[in-house]
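**Student:** sharing a sequence plus its predicted fold:
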Amino acid sequence: MTELPRGLMISAPASGTGKTTVMLGLLRALAEDGLRVQPFKSGPDYIDPAFHLAAAGRASFNFDTWAMDNGLLGAIAAQGRGADIVVAEGSMGLYDGVATRGQTGFGSSAETAQRMGWPVILVVDVSGQAQSAAATALGFAQYAPDLPFAGVILNRVASPRHERLTRVGMERAGLKVLGSLPRRGDLKLPERHLGLIQAVEHPDLEAAIAGYASFLRENVDLEAIKAAASGGVCPVIGTLPTPPAQRIALARDEAFSFTYPHVLNGWRNAGAEILPFSPLADETPADDADLVWLPGGYPELHAGKIASANRFLSGLKKHAETKPVHGECGGYMVLGDTLTDKDGNRHQMAGLLGLTTSFEKRKFHLGYRRAILEKAMPGFAPGAALRGHEFHYTTILDQPDEPLANVFDADGNPVPETGSIRGNVSGTFFHYITQDQT
């Protein structure tokens, strides 16, 4: 057994209840109190960890009980060594996952909390109800009797009377109220079609986080929250993902930002050199890079700028003549022939693959993916099984190149987004999380 910092899981009955606001305010408030706070995110979220970093001053990492085996979960938990307290943020509702078990579970935030022994703080939106909110919270507390439950934070409380009535219900149910947050319209983070805007796009993120921290200090019992933290014992510590090359040119800007921190840490820990460059600034990948990796992001919002980034596109094509290039989701689209934005404007992309995509008629693609490679891709031989996650609104108009993999959803059903390969260039719509060892 390896002891890790005591921790908590911030979750909620559903999305949209305000748990991210609570999470960011709590991270900053604890850090202001002199604690070294380690943030984590439960689930395959590409955006929240950057907000966590801004609030806590420490890199945040994703846990995923569907995609990750116990060794990888332990390796990620070990990134919290040296911290005084862990605060993890859940995804969707506390018990929401998929129907079919992955490497260790169904992917819910409750599973992450159980795995690490972290008590749950449930953020409950009490708007439109009072004592009845306790029935919801009690159901969540009792649904999994072995899940440690610290208490609730009431959110969007309308008045002192509303708070008093809601607290009466919670007390009757035997649930500890750790805070009560008055309704405030200015606390909502800006969103777009994949959820929150990226941290780097927030017009004044530092001021927003400082405001959240002050708001929490005024309305929650920070000392009770600190005292509720527990758990942090990890039975197995494995290794993080290994790098696909020694020198990796990584696209990194507002259009290409969706990379999992545990993947990049694994690459660095194994001695790989990550060489960031910005396609939006018309920068070229390093000439001596062994591999160019284009992550996902929001290329559809910058398609015109990418199409006119001649130095970037020329450098990418030159690299692909002799060395591998790989793209994930948005990066995959940029490697393709054309991308049509939401207004119907067609933009020429790199043309290294024949893929043509469109946002004019959006189609929602969401879920875990298990891919069995038919062809080699950087770091993996044919036959390798990879686990990842797909989340985009792209419509595929043409995907003419050889398929890269046979791809399946969490329940084993085939999906048409097989990825593509042409020469040294490959791409997938899923974001790689880990290699499947089963």
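**Tutor:** Received, thanks.

**Student:** my guess is Arg156 meets Glu163, correct?
**Tutor:** No: with contact defined as CB atoms under 8 Å, Arg156 does not reach Glu163; the gap is 10.8 Å. For glycine as for every other residue, the C-beta is placed from the backbone atoms N, C-alpha and C.

**Student:** which SS state does the residue positioned nearest the centre of the chain fall under?
**Tutor:** Centroid-nearest residue in the chain: Asp45, 1.7 Å away (criterion: CA atoms, centre = their mean). Asp45 carries the three-state label coil when classified by DSSP: H, G, I helix; E, B strand; the rest coil.

**Student:** ok, what's across the strand from the nearest residue to Ala251 once chain neighbours are set aside?
**Tutor:** Spatially, and ignoring its direct neighbours in sequence, Ala251 is nearest to Leu294 (4.7 Å; CB to CB, 6 or more residues apart in numbering). As for beta bridges, Leu294 partners with Gly327 under DSSP bridges.

**Student:** how close does Leu294 sit to Ile225?
**Tutor:** 40 Å (CB to CB, to the nearest Å).

**Student:** what's the answer for Thr418, then?
**Tutor:** From Thr418 to Ile225 the distance is 46 Å (CB to CB).

**Student:** before we move on, back to that, pretty sure the residue nearest to Ala251 contacts Phe258?
**Tutor:** No: the criterion here is CB under 8 Å, and Leu294 misses it with Phe258 at 10.4 Å.

**Student:** more crowded one of these two?
**Tutor:** Legend: neighbour count by other CB atoms under 10 Å for Leu294 and Phe258, higher for Leu294 (28 against 22).

**Student:** which pLDDT does the model give the more buried one?
**Tutor:** The model reports Leu294 with a pLDDT of 98.

**Student:** let's verify the most far-flung residue of the chain relative to its centre: helix, strand, or coil?
**Tutor:** For the chain, the residue at maximal distance from the C-alpha centroid (CA atoms, centre = their mean) is Arg161, at 37.7 Å. For Arg161, the secondary-structure state derived from three-state DSSP is helix.

**Student:** what about the stretch 251-400 of the chain, any weak spots by pLDDT?
**Tutor:** Within the stretch 251-400 of the chain, no range satisfies pLDDT under 70.

**Student:** show me where it has its strands.
**Tutor:** With DSSP state E, counting those that start in this stretch as the criterion, the stretch 251-400 of the chain has strands at 273-277, 291-294, 325-328, 338-340, 346-348, 356-358, 365-373, 385-392, 395-398.

**Student:** sorry, back to before: please tell me the pLDDT value assigned to the residue lying closest to the residue nearest to the centre of the chain once chain neighbours are set aside.
**Tutor:** Sequence neighbours aside, Ser91 is the residue nearest to Asp45 in space, at 6.0 Å (criterion: CB to CB, 6+ apart). Per-residue confidence for Ser91 comes out at a pLDDT of 95.

**Student:** what does Glu191 give?
**Tutor:** If you check Glu191, the pLDDT there is 56.

**Student:** which stretches in the protein count as helices?
**Tutor:** Counting by DSSP state H, the chain has helices at residues 19-32, 48-56, 70-77, 109-116, 132-143, 160-172, 205-219, 222-228, 261-269, 303-307, 310-320, 330-335.

**Student:** list the buried residues of the longest one.
**Tutor:** In terms of neighbour count (16 or more other CB atoms under 10 Å), helix 205-219 has its buried residues at Leu205, Ala208, Ile209, Ala210, Gly211, Tyr212, Ala213, Phe215, Leu216, Asn219.

**Student:** again, but for the first one
**Tutor:** Burial within helix 19-32, assessed by neighbour count using 16+ other CB under 10 Å, is assigned to 19-31.

**Student:** ditto for the last one
**Tutor:** In terms of neighbour count (16+ other CB under 10 Å), helix 330-335 has its buried residues at Gly330, Gly331, Tyr332, Met333, Val334, Leu335.

**Student:** what's the answer for stretch 50-67, then?
**Tutor:** Here stretch 50-67 shows 50-56, 58-67 as buried, counting by 16+ other CB under 10 Å.

**Student:** quick one: mean pLDDT for that stretch?
**Tutor:** Confidence for stretch 50-67, expressed as mean pLDDT, is 96.

**Student:** how far off centre is that stretch?
**Tutor:** Centroid displacement of stretch 50-67 relative to its chain, using CA atoms, centre = their mean, to the nearest Å, is 8 Å.

**Student:** how about the CA coordinates for it, as CSV?
**Tutor:** What follows is stretch 50-67 as a C-alpha-only set of coordinates in CSV (Å, rounded to 0.1, in the frame of the first residue of the first chain):
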residue,chain,number,x,y,z
ALA,A,50,-6.6,23.7,-17.2
PHE,A,51,-9.0,25.6,-14.9
HIS,A,52,-7.9,23.5,-12.0
LEU,A,53,-4.2,24.3,-12.7
ALA,A,54,-5.1,28.0,-12.7
ALA,A,55,-6.9,27.8,-9.4
ALA,A,56,-4.5,25.5,-7.5
GLY,A,57,-1.2,26.1,-9.1
ARG,A,58,-0.7,22.4,-9.6
ALA,A,59,-1.3,20.3,-12.7
SER,A,60,-4.6,18.4,-12.6
PHE,A,61,-5.0,14.9,-14.0
ASN,A,62,-7.9,12.7,-15.2
PHE,A,63,-9.0,9.5,-13.5
ASP,A,64,-11.1,7.2,-15.6
THR,A,65,-12.3,3.9,-14.2
TRP,A,66,-13.7,2.7,-17.5
ALA,A,67,-10.5,3.3,-19.6
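
**Student:** export the helices of the chain to CSV and tack on distance to Asp409?
**Tutor:** Output for the helices of the chain, formatted as CSV (distance: least, CB to CB, whole Å):
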stretch, distance to Asp409
helix 19-32, 26
helix 48-56, 23
helix 70-77, 21
helix 109-116, 19
helix 132-143, 25
helix 160-172, 39
helix 205-219, 34
helix 222-228, 37
helix 261-269, 21
helix 303-307, 28
helix 310-320, 30
helix 330-335, 18
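
**Student:** mind checking those for the one nearest to Pro243?
**Tutor:** Closest of the helices of the chain to Pro243 is helix 261-269, at 3.9 Å (criterion: CB to CB).

**Student:** could I get the buried residue list for the closest one?
**Tutor:** Pro261, His262, Val263, Leu264, Asn265, Gly266, Trp267.

**Student:** on that earlier part again, columns distance to Val86 on top of the strands of the stretch 251-400 of the chain, output as a markdown table?
**Tutor:** Converted to a markdown table, those look like this (distance: least, CB to CB, whole Å):
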| stretch | distance to Val86 |
| --- | --- |
| strand 273-277 | 26 |
| strand 291-294 | 29 |
| strand 325-328 | 28 |
| strand 338-340 | 40 |
| strand 346-348 | 43 |
| strand 356-358 | 39 |
| strand 365-373 | 25 |
| strand 385-392 | 23 |
| strand 395-398 | 40 |
